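Trainee: Here you go, sequence then predicted model.
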Amino acid sequence: MAVKPSLALYPPEDIPGAAVVNLVTNVPYSVDAISRFSKVPGDYVVSLLSFSLAGTTGISFYVNTDGTFRIIDSQSYACYNLDRDEDVYVSAKTTLALSLFSDAIANNIPIRYLIRVSRPSVIEKILLGVRLSDKDTPLNNKFGLGDMLMSGYVPKRIPLLVVRKQIARTITALADANPQIGETITVPKNRYVVLDELAVDGHEAGVTDNFIVVDRDLNDEYVKLNCFAMPPFITDVLPNIPLSNPMKVGIPALDKISVHLENGSGVTDWRVRYKYSIYVLTIPDKIRWGIALTPSEETIAKNKDLSDKTKAGLV
């Protein structure tokens, strides 16, 4: 399932992908191709944060960005394998393409990745080498952002955490039952929720038609992940088999969020867990995401110059 930057309503969002693919000899396979996501280059920035694939001889993973080819070029057999993510950071202003290449026919190859979609502030644009717009330049001059960046001092936005919770379930279900995992998370007033991580009985179960689906606000199937491509559990003897390391994500919601299993195959004592955090919805958050302010918030924003500071990247 391709990442769609246009659906990232509350950037920055860390959006995962996890798929199982079949490869043809010497024919590149497009895992994800994200292009034309900014009318003006740099209005949005799309960054690859991590990837993971099964260690298989003859298969390579590579990344092209903004006309630069194979900025990442990794033979899978030399990578960590599925139980651990390869942490990277590669940003694109116009095009990000992820591909696999095999020197032989290969079926049921798992691949997962994490992509951040952001709308960079002015100081982030300077850091990434994005050309400043006519609206950005006055903010750079007003706050001395270029000098601030060169000095090594940049204020860091710290979300105001209220609570972090975990849902963990063991599920037995017939094929095509599609059970929901826990209750729908309804976002409290003046708060927002972020889905932080997911963990499932994945790759070592050997089933390729079970998926984790995340619905966010009005976006059904905002994320759909093949469980076979998620971190595997460690082989041991029951009851000593711990569930896998989690897959890190970062999916915000202002209204509701829910997680369910779309199971083509039946499951027995199938384990899944996820964590989510609830944060205060601040005035800078509302400005960042285009949410209307109340009259009292308008007054605070004006008195503290929050509109310009938010756009500049200082709050």
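Mentor: Thanks, I have it. Numbers count the residues shown, from 1 in each chain.
Trainee: how would you label the spatially closest residue to Asp215 that is not a sequence neighbour: helix, strand or coil?
Mentor: Closest residue to Asp215 apart from its sequence neighbours, by CB to CB, 6 or more residues apart in numbering: Ser258 at 4.9 Å. Every C-beta, even on glycine, is put in place using the N, C-alpha and C of the backbone. Using DSSP: H, G, I helix; E, B strand; the rest coil, the structure places Ser258 in strand.
Trainee: how does this protein divide into domains?
Mentor: 5-118, 122-157+282-312, 161-280 (automatic domain parsing).
Trainee: how far is the second one from where the chain is centred?
Mentor: When C-alpha coordinates are averaged (CA atoms, centre = their mean, to the nearest Å), domain 122-157+282-312 and its chain have centres 23 Å apart.
Trainee: Now do the contacts for Arg169.
Mentor: Going by CB atoms under 8 Å, 6 or more residues apart in numbering, Arg169 touches 181-182, 271-273.
Trainee: Give the phi and psi angles for Asp83, as a check.
Mentor: phi -80, psi 0 (degrees, to the nearest 10).
Trainee: re the thing from before, now for the residue nearest to Asp215, how many residues are close by?
Mentor: 18 (other CB atoms under 10 Å).
Trainee: residue contacts, it?
Mentor: Ser258 touches 180, 183-185, 214-215, counting by CB under 8 Å, 6+ apart.
Trainee: Over to Arg84?
Mentor: 52, 231, 245.
Trainee: And these, which is closest to Val63?
Mentor: Taking CB to CB as the measure, Val63 lies nearest Ser52 of the contacts of Arg84, at 13.6 Å.
Trainee: Do you have the helices of the stretch 51-200 of the chain handy? List them.
Mentor: Assigned by DSSP state H, counting those that start in this stretch, the helices in the stretch 51-200 of the chain fall at 122-128, 136-143, 145-151.
Trainee: Which of these sits closest to Pro41?
Mentor: helix 122-128 (10.4 Å).
Trainee: which residues touch the closest one?
Mentor: 42, 45, 91, 93, 118, 120, 130-132, 136, 139-140, 145-146, 148-149, 154, 311-314.
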